[in-house]
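**Student:** Okay, predicted coordinates and the sequence, questions at the end:
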Amino acid sequence: MPLNLIFMGTPNFAVPILKAIQDSHHNILEVYTQPPNKKDRGQKISLSAVHKFCNEVNLKVSHPDKLDEEIEKINKLNPDIVIVVAYGKILPKKLLEIKKTKFINIHASLLPRWRGAAPIQRAIMNLDKETGISIMKIEPKLDSGPIMMSSKIKIFKSTNYDNLSNQLSVLGAEMILKSLDLIEKKLEKFIPQNESKATYAKKINKTETKIDWSQKAKIIIAQINGLYPNPGSWFEFNGIRIKPVKAIEIEISGKPGQIIDDKFTIGCSENSIQILELQREGKQKMKAEEFLKGSNLKAGMNILFRNV
């Protein structure tokens, strides 16, 4: 028998999962997402990715400032399940107390590792070899509920936030359909998390985006990949802010911040990185060789200092 669902999600990551549920035989009663926000100086209204998708496919969508005001309404809708995917707000305890409804979260890590706001970025930036999706029961404590299902995915040296987020979203879409099938058949089982292994993926701070050339090359590569495309990592050269888009580790030595050759290879505390693609502030991304043609960068310069 089809399940009656409420879906809560906001960014692009949530859209493929919502689409998979919509294409299934289950019934979506309503979708909740974050309110529209004003973007840029023109104060243009910007809808969330989930909101835009709902408009395209005629799904009923709500965007309250506070979920506390929606508890009575949700109770009356009488959903079998509320599915939460990167909604952006913690669900009120009173909402979770609706006994006839299961509250399920799709989280982009292998819980209990990387509970919290930025699990994909933290997995890459901490050089994890793998991550995944966990489907869990929501409890008042952040991302601490028992796990129904999890699945792994490998992280490679070239993996960045953008492509890993897309892969995990597709994986999450596959897994939620399997989970709903088990719940529909009343075959679901939840296993408690091991609290002693819990780690937390705190929100990315602006201070983490500037590249520190005294770090090892592999750490800087992980920073570049983990923060691409937004907010992006950066360094300054002669007052110009540069965001590396793609870079590789090179096993040659040089002083931290020193340009080693004419291929945009920069020294780190251990090995070096070669920038393959970059973006100047306010410009389109470009290949490193194109940038070098119009710059005065030369081997021996150090980007930590102003070069004339």
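**Tutor:** Looks like it arrived, so ask away. Numbering: from 1, shown residues only.
**Student:** any idea how far residue 110 is from residue 235?
**Tutor:** Separation of residue 235 from residue 110 (Cβ to Cβ, to the nearest Å) stands at 32 Å. In short, each C-beta sits where N, CA and C put it, glycine included.
**Student:** Could you look up the SS state of residue 180?
**Tutor:** Three-state call for residue 180 (DSSP: H, G, I helix; E, B strand; the rest coil): helix.
**Student:** Kindly tell me how buried it is, as a neighbour count.
**Tutor:** Residues near residue 180, counting by other Cβ atoms under 10 Å, number 24.
**Student:** what residues are up against it?
**Tutor:** 3, 21, 24, 26, 81 (Cβ atoms under 8 Å, 6 or more residues apart in numbering).
**Student:** if we go to 10 Å?
**Tutor:** 2-3, 5, 20-21, 24-26, 80-81, 83, 104, 135, 188 (Cβ atoms under 10 Å, 6 or more residues apart in numbering).
**Student:** Out of these, which end up buried?
**Tutor:** 3, 5, 20-21, 24, 26, 80-81, 83, 104, 135, 188 (16 or more other Cβ atoms under 10 Å).
**Student:** From those residues, which land in helices?
**Tutor:** Among the buried ones among the contacts of residue 180, the members found in helices (DSSP state H) are 20-21.
**Student:** is it true that residue 123 touches residue 111?
**Tutor:** No - between residue 123 and residue 111 there is no contact under Cβ atoms under 10 Å: 11.9 Å.
**Student:** joint contacts of these two?
**Tutor:** By the contact definition Cβ under 10 Å, 6+ apart, residue 123 and residue 111 are jointly contacted by residue 132.
**Student:** Domain-wise, how is this protein divided?
**Tutor:** Domains of the chain are assigned by automatic domain parsing as 4-201, 206-293.
**Student:** how long is the longest one from one end to the other?
**Tutor:** Domain 4-201 has an end-to-end distance of 32 Å (criterion: Cα to Cα, to the nearest Å).
**Student:** Return the distance of that domain from the chain's centre.
**Tutor:** Computed by Cα atoms, centre = their mean, to the nearest Å, the chain-centroid distance of domain 4-201 equals 12 Å.
**Student:** For residue 168, which residues are in contact?
**Tutor:** Residues in contact with residue 168 (Cβ under 10 Å, 6+ apart) are 13, 16, 106-109, 119-120, 123, 131-133, 151, 153.
**Student:** 6 Å instead?
**Tutor:** 108, 133 (Cβ atoms under 6 Å, 6 or more residues apart in numbering).
**Student:** Which strand or helix spans it?
**Tutor:** Element membership of residue 168, judged by DSSP states H and E, is helix 161-184.
**Student:** elements contacting the helix or strand just after that helix?
**Tutor:** For helix 161-184, the following helix or strand on the C-terminal side (DSSP H and E) is strand 200-201. Helices and strands touching strand 200-201, by 3 or more Cβ pairs under 6 Å, 6 or more residues apart in numbering; DSSP states H and E, are strand 115-116.
**Student:** And the pLDDT for residue 145?
**Tutor:** Model confidence at residue 145, given as pLDDT, is 97.
**Student:** now it, what's its secondary structure?
**Tutor:** The three-state label given to residue 145 by three-state DSSP is coil.
**Student:** what's near enough to touch the residue nearest the centre of the chain?
**Tutor:** Centroid-nearest residue in the chain: residue 120, 4.9 Å away (criterion: Cα atoms, centre = their mean). Counting by Cβ under 6 Å, 6+ apart, residue 120 touches 108, 161, 164-165.
**Student:** neighbours around the nearest residue to residue 98 once chain neighbours are set aside, how many?
**Tutor:** Leaving aside its sequence neighbours, residue 98 sits nearest to residue 75 (Cβ to Cβ, 6 or more residues apart in numbering; 5.7 Å). The local packing of residue 75 (other Cβ under 10 Å) involves 15 other residues.
**Student:** any idea how far residue 258 is from residue 299?
**Tutor:** Distance from residue 299 to residue 258, by Cβ to Cβ: 9 Å.
**Student:** Which one's more surrounded, the two?
**Tutor:** More crowded of residue 299 and residue 258, by other Cβ under 10 Å: residue 258, with 20 against 12.
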